[in-house]
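Asker: Here is the input, now give the coordinates:
(2 chains)
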Amino acid sequence: MTDPCILKTENLSLSYGGFTAVDKVNLQVKHKTVHSVIGPNGAGKTSLFHCLTGGRRPTGGRILFKDEEITNKSAHARVGSGMARSFQITSLFQNLTVRENLRLASQGRDGNRALVFWRSVSARGEHQALADQVMERLGLTHKAGVAAGDLSHGQQRILEVGMALCGKPALLLLDEPTAGMGVNDIPMMTELIAELGKDYSVLLIEHNMGIVMSISDTITVMSRGNVLIEGKPAEIRADMRVREAYLGEVA
Amino acid sequence: MVPRSGLPGGSAAVVAVILVLMPLVLPSSTMATEILIFAMASLACNLLLGYGGLLSFGQGIFFGSGAYLSSLVMMHAGAGLISALLTAIASGAVLATLVGALAIRRTGIYFVMMTLAFNQTAYFIAYTLSDWTGGDNGLLDVPRPPLALFGATLADLSGATAYYVFVAVLFLLVFIATVTVISSPFGSTLIGVRENEARACAVGYDARNFKIVAFALSGAVTALAGALYAMLLNFAPLENIQLSMSENIVVMTVIGGTGSLLGSLLGAGSWVIISDILAEVWPRWLILMGGALILIVLFLRGGLWGGVESLMQRFSHQNKGHQGPDDAPDEKDESV
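Answerer: Numbering: from 1, shown residues only, chains lettered A, B, ... in the order given. Okay, here's the model as predicted:
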């Protein structure tokens, strides 16, 4: 792979009526790095995320993933090409077991091939194997038979990330993985994401500055739909504009 | 998904035993046949409602068209039993694919309204084409040909018992097929779509395709039931394709318990038996049925089968005492 970037956006824009939530954003996510997008509320982070996952059609610009244009690809089709996402608000199969949640997520890469109704699921053992492997990695093996809805909030957040891992993605899109997590659970998640950054490319949207500063390779700061600045954590911390953007919001 | 419930993997064996006992216990094998036919339609409804979370009030379309088309190919094209049933299955699958593909473009209440509207349309089409369907009078003199394969007659089905055996074998096959479908990649994904469509989409599934295939399978089985019903009555009444048929099928499924296949047999059985008893007691028996439905929905959320299951659990708990580990994982897999 000659191109150092796995994901690129070119002048990506999204408007809701007259309001421009994302305004000509150029983003470049490099292979096997943790790239965080931060910014005050209303900066357009979530809108940007929706465009990247296929939840919203951009109103302008292009998205290139592994040098292939995916701007108008549907959300489920993006999984097949190697993108996987987690949700800001936990979105699991609440009544199914942890193991079945992960198995379904592993099987998701099959897309329409999962329509076979005449065979047993055990015929495709590799999905179960991957699910068990991810479960081990998340430290949830002892909860295999528990319904996802009965897990603690922290465990649900971890499983949420695990669902994305089961897609064997090249790029993980994580939308505020620590949202609503207790202080005690956050280090576990931080560790997990940092570790994932070694094997995957991670695009992280996060509010928690502690996490962002400690594990990101690159940080993009957004403000009012635009990219304010991009750089390494140390550069971001020192930048006056970033302080203004945040302080301005407070004031 | 591992079949759990009190009867791991043995639900087909349980059904086989029930099928043998039914004609012995019930007043007539005709009634037993009727129960199995409606249980078949209820199984198909259960696939949509219990496993796909799709409340379809269009099942009458498939039931009725299965009855009409199988009868018509026998009466006008000289089709035998097997080809008539295959015609019903194919037409049911095709119609359900069309209805499903359009209806699932909406969700929730709008989806339900679409299936209702399709059922009304189908009813008026059948009513209008009275040259073919007999309109209000129904299609009379539907034959019940012998079971024959490649010109060789295997069994004469004109007797009530012989026909029961034939329907029972088909029911068992449909039941096993449904169990297979539910534990397949397709079935497990369908459950996932029911649980959380956005998540199913995010892990890579195109939910629409799964819903359409669920419709096709459900329509095929429902139409088969409709064809068998016409052969049972030697008659295909207009009621087969009426909205009330769709309602009855849904009600049987809910009474029996959605999401459990044995529940469908229980639901159809109690519906047919109770309506038979009540109809003799009081001509306005549907009022009592309405009351029973309200009670079940209010107090027995898993339907009759859910009630049976919790009774069995209580019973086995009493037998075991406190031996079982308290932290046994309460698996929430679908019961079959």
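Asker: Not counting residues beside it along the chain, what's closest to residue A:206?
Answerer: residue A:212 (5.1 Å; C-beta to C-beta, 6 or more residues apart in numbering or on different chains). C-beta: built from backbone N, CA, C; applies to glycine.
Asker: ranges for the strands of the stretch 151-300 of chain B?
Answerer: B:152-155, B:235-236 (DSSP state E, counting those that start in this stretch).
Asker: whoops, chain A was the one
Answerer: With strands called from DSSP state E, chain A shows them at A:5-16, A:19-25, A:28-30, A:34-38, A:60-65, A:68-69, A:83-85, A:171-175, A:201-205, A:218-223, A:226-231.
Asker: Let me know the angle separating the longest one from strand A:60-65.
Answerer: Using axes from the mean of the first three to the mean of the last three C-alpha atoms, to 10 degrees, the interaxial angle of strand A:5-16 with respect to strand A:60-65 works out to 150 degrees.
Asker: Can you name every helix or strand that strand A:5-16 contacts?
Answerer: strand A:19-25, strand A:28-30, helix A:45-53, strand A:60-65, strand A:201-205 (3 or more C-beta pairs under 8 Å, 6 or more residues apart in numbering or on different chains; DSSP states H and E).
Asker: Can you give the strand pairings for it, parallel or anti for each?
Answerer: Pairing partners of strand A:5-16, with direction, according to DSSP bridges: strand A:19-25 (antiparallel), strand A:28-30 (antiparallel), strand A:60-65 (antiparallel).
Asker: out of the ones you listed, which comes closest to residue B:232?
Answerer: Among the strands paired with strand A:5-16, strand A:60-65 comes nearest to residue B:232, with 58.0 Å by C-beta to C-beta.
Asker: buried stuff in that closest one?
Answerer: For strand A:60-65, a neighbour-count test (16 or more other C-beta atoms under 10 Å in any protein chain shown) marks A:61, A:63, A:64, A:65 as buried.
Asker: could I get it in CSV with only the CA atoms?
Answerer: Listed next in CSV are the C-alpha coordinates belonging to strand A:60-65 (Å, rounded to 0.1, in the frame of the first residue of the first chain):
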residue,chain,number,x,y,z
GLY,A,60,-21.1,17.8,-1.1
GLY,A,61,-17.6,16.4,-1.5
ARG,A,62,-16.3,12.8,-1.6
ILE,A,63,-15.3,10.1,0.8
LEU,A,64,-12.4,7.7,-0.3
PHE,A,65,-11.8,4.5,1.6
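Asker: what's next to it, contact-wise?
Answerer: A:6-15, A:24-25, A:51-52, A:69-71, A:78, A:81-83, A:171 (C-beta atoms under 8 Å, 6 or more residues apart in numbering or on different chains).
Asker: coming back round to it: any chance of TSV for the strands paired with strand A:5-16, columns mean pLDDT and distance to residue A:165?
Answerer: Formatted as TSV, the strands paired with strand A:5-16 follow (pLDDT from 0 to 100; distance: least, C-beta to C-beta, whole Å):
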stretch	mean pLDDT	distance to residue A:165
strand A:19-25	92	27
strand A:28-30	94	17
strand A:60-65	94	18
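Asker: In CSV: those strands, plus distance to residue B:286.
Answerer: Below are the strands paired with strand A:5-16 laid out as CSV (distance: least, C-beta to C-beta, whole Å):
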stretch, distance to residue B:286
strand A:19-25, 55
strand A:28-30, 64
strand A:60-65, 58
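Asker: still on that earlier bit, could you point out which of the helices and strands packed on strand A:5-16 sits nearest residue B:69?
Answerer: Of the helices and strands packed on strand A:5-16, nearest to residue B:69 by C-beta to C-beta is helix A:45-53, at 45.0 Å.
Asker: how many degrees apart are that closest one and strand A:34-38 in direction?
Answerer: 140 degrees.
Asker: And helix A:45-53, what does it pack against?
Answerer: By 3+ C-beta pairs under 8 Å, 6+ apart, helix A:45-53 packs against strand A:5-16, strand A:19-25, strand A:34-38, strand A:83-85, strand A:171-175, strand A:201-205.
Asker: same thing but 6 Å
Answerer: For helix A:45-53, the packing partners by 3 or more C-beta pairs under 6 Å, 6 or more residues apart in numbering or on different chains; DSSP states H and E come out as strand A:19-25, strand A:171-175.
Asker: sorry, back to before: surely the residue nearest to residue A:206 and residue A:35 touch.
Answerer: No. Assessed by C-beta atoms under 6 Å, residue A:212 is found out of contact with residue A:35, at 10.4 Å.
Asker: show me what contacts residue A:28?
Answerer: A:5, A:8 (C-beta atoms under 6 Å, 6 or more residues apart in numbering or on different chains).
Asker: Okay, it and chain B: tell me how far apart.
Answerer: Distance of residue A:28 to chain B, given as C-beta to the nearest C-beta, to the nearest Å: 24 Å.
Asker: From residue B:301, how far out is that residue?
Answerer: Note on residue A:28: its distance to residue B:301, by C-beta to C-beta, to the nearest Å, is 53 Å.
Asker: With residue A:237 instead?
Answerer: Counting by C-beta to C-beta, the gap from residue A:237 to residue B:301 is 55 Å.
Asker: Any stretches of chain B with poor pLDDT?
Answerer: Along chain B, the model assigns pLDDT under 70 to residues B:1-9, B:319-336.
Asker: let's see it at 80
Answerer: B:1-10, B:301, B:317-336 (pLDDT under 80).
Asker: interface residues of it facing chain A?
Answerer: Taking C-beta under 6 Å from any C-beta of the partner chain, the part of chain B that reaches chain A is made up of B:181, B:183-186, B:188-189, B:192, B:195-196, B:198-199, B:201-206, B:209, B:213, B:329, B:331-332.
Asker: Filter these down to the ones in helices?
Answerer: B:181, B:185-186, B:188-189, B:192, B:195, B:198-199, B:201-202, B:209, B:213 (DSSP state H).
Asker: Neighbour-wise, give me the winner out of those.
Answerer: Counting neighbours by other C-beta atoms under 10 Å in any protein chain shown, residue B:202 comes out on top of those with 28 neighbours.
Asker: I figured residue A:222 was touching residue A:40, is that so?
Answerer: No. Residue A:222 is beyond contact range of residue A:40, at 8.6 Å (criterion: C-beta under 6 Å).
Asker: More neighbours: which of these two?
Answerer: Here residue A:222 and residue A:40 are compared on neighbour count by other C-beta under 10 Å; more neighbours surround residue A:222, at 26 against 19.
Asker: Report how many residues lie close to the nearest residue to that one once chain neighbours are set aside.
Answerer: Excluding the flanking residues, the one nearest residue A:222 by C-beta to C-beta, 6+ apart is residue A:39, at 3.7 Å. Using other C-beta under 10 Å, the number of residues around residue A:39 comes to 24.
Asker: Next one, pLDDT for residue A:39 please.
Answerer: pLDDT recorded at residue A:39 is 88.
Asker: just to revisit the earlier point, and the strands paired with strand A:5-16: which comes nearest residue A:128?
Answerer: Using C-beta to C-beta, the strands paired with strand A:5-16 put strand A:60-65 closest to residue A:128, at 28.3 Å.
Asker: next one: the closest one to chain centre, how far?
Answerer: Strand A:60-65 sits 17 Å away from the centroid of its parent chain (C-alpha atoms, centre = their mean, to the nearest Å).
Asker: likewise stretch B:111-131?
Answerer: That offset, for stretch B:111-131, works out to 20 Å (C-alpha atoms, centre = their mean).
Asker: Could you export it as CSV, CA atoms only?
Answerer: Extracted in CSV, the C-alpha atoms of stretch B:111-131 (Å, rounded to 0.1, in the frame of the first residue of the first chain):
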residue,chain,number,x,y,z
PHE,B,111,-46.3,-1.4,7.5
VAL,B,112,-49.3,-3.0,9.2
MET,B,113,-51.7,-0.7,7.3
MET,B,114,-50.1,-1.7,4.0
THR,B,115,-50.6,-5.4,4.7
LEU,B,116,-54.3,-4.6,5.6
ALA,B,117,-54.7,-2.7,2.3
PHE,B,118,-53.2,-5.5,0.3
ASN,B,119,-55.6,-7.9,1.9
GLN,B,120,-58.6,-5.8,1.1
THR,B,121,-57.3,-5.5,-2.5
ALA,B,122,-56.9,-9.2,-2.8
TYR,B,123,-60.4,-9.8,-1.4
PHE,B,124,-62.0,-7.5,-3.9
ILE,B,125,-60.1,-9.0,-6.8
ALA,B,126,-61.4,-12.4,-5.7
TYR,B,127,-64.9,-11.0,-5.3
THR,B,128,-64.8,-9.4,-8.8
LEU,B,129,-63.4,-12.4,-10.6
SER,B,130,-66.5,-14.4,-9.8
ASP,B,131,-66.3,-16.4,-13.0
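Asker: Sweet, I'm off.
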